[in-house]
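Participant: Need a 3D model of the following:
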Amino acid sequence: MDVIKVSGTSRTSAVAGAIAGVFRENKRAEVQAIGAIAVNQAIKALVLAKGYLKEDGFEIVFSPEFVDVEIDGKTRTAIKFIIEAR
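Facilitator: Numbers count the residues shown, from 1 in each chain. Take a look at the predicted model:
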């Protein structure tokens with residue numbers, strides 16, 4: 001399962017659809033964002049996805065954690081959200 005990566009310019013509805021699609025297929029999803037604007041977009045997408053999935057009878061929860069990722073040879077700290085069924 002691939003991690004859904006969110007940037008500050010990501011469309012929240014598109015990310016929400018991706019989250020819902022991955023969750024429907026795997027009963028789990030992971031979303032990763034670096035930076036305040038990207039984290040904001042990710043949170044909005046998670047709320048939208050929660051609504052999409054509730055219509056399908058799924059109740060989800062998401063928990064954040066810090067992860068280190070390497071970008072262009074530099075280590076950056078990202079926030080990763082784990083999405084699972086309640």
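Participant: How far off centre is stretch 11-25?
Facilitator: The chain centroid and the centroid of stretch 11-25 are separated by 8 Å under CA atoms, centre = their mean, to the nearest Å.
Participant: what sits against residue 81?
Facilitator: 30-33, 42, 46, 62-64 (CB atoms under 8 Å, 6 or more residues apart in numbering). All C-beta atoms are positioned from the backbone trio N, CA, C, and that covers glycine.
Participant: Which stretches in the chain count as helices?
Facilitator: For the chain, the helices defined by DSSP state H cover 12-26, 36-55.
Participant: Just the C-alphas of the first one, formatted as PDB.
Facilitator: Once side chains and other backbone atoms are set aside, the C-alpha atoms of helix 12-26 remain, and they are given as PDB (Å, rounded to 0.1, in the frame of the first residue of the first chain):
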ATOM      1  CA  THR A  12      -8.700  18.400  -0.700                       C
ATOM      2  CA  SER A  13     -11.500  16.700  -2.500                       C
ATOM      3  CA  ALA A  14      -9.100  14.800  -4.700                       C
ATOM      4  CA  VAL A  15      -7.000  13.700  -1.700                       C
ATOM      5  CA  ALA A  16     -10.200  12.700   0.200                       C
ATOM      6  CA  GLY A  17     -11.300  10.600  -2.800                       C
ATOM      7  CA  ALA A  18      -7.900   8.900  -2.800                       C
ATOM      8  CA  ILE A  19      -8.000   8.200   1.000                       C
ATOM      9  CA  ALA A  20     -11.500   6.700   0.600                       C
ATOM     10  CA  GLY A  21     -10.500   4.600  -2.300                       C
ATOM     11  CA  VAL A  22      -7.400   3.200  -0.600                       C
ATOM     12  CA  PHE A  23      -9.400   2.600   2.600                       C
ATOM     13  CA  ARG A  24     -12.200   0.700   0.800                       C
ATOM     14  CA  GLU A  25      -9.600  -1.500  -0.800                       C
ATOM     15  CA  ASN A  26      -7.300  -2.100   2.100                       C
END
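Participant: Perfect, I'm done here.
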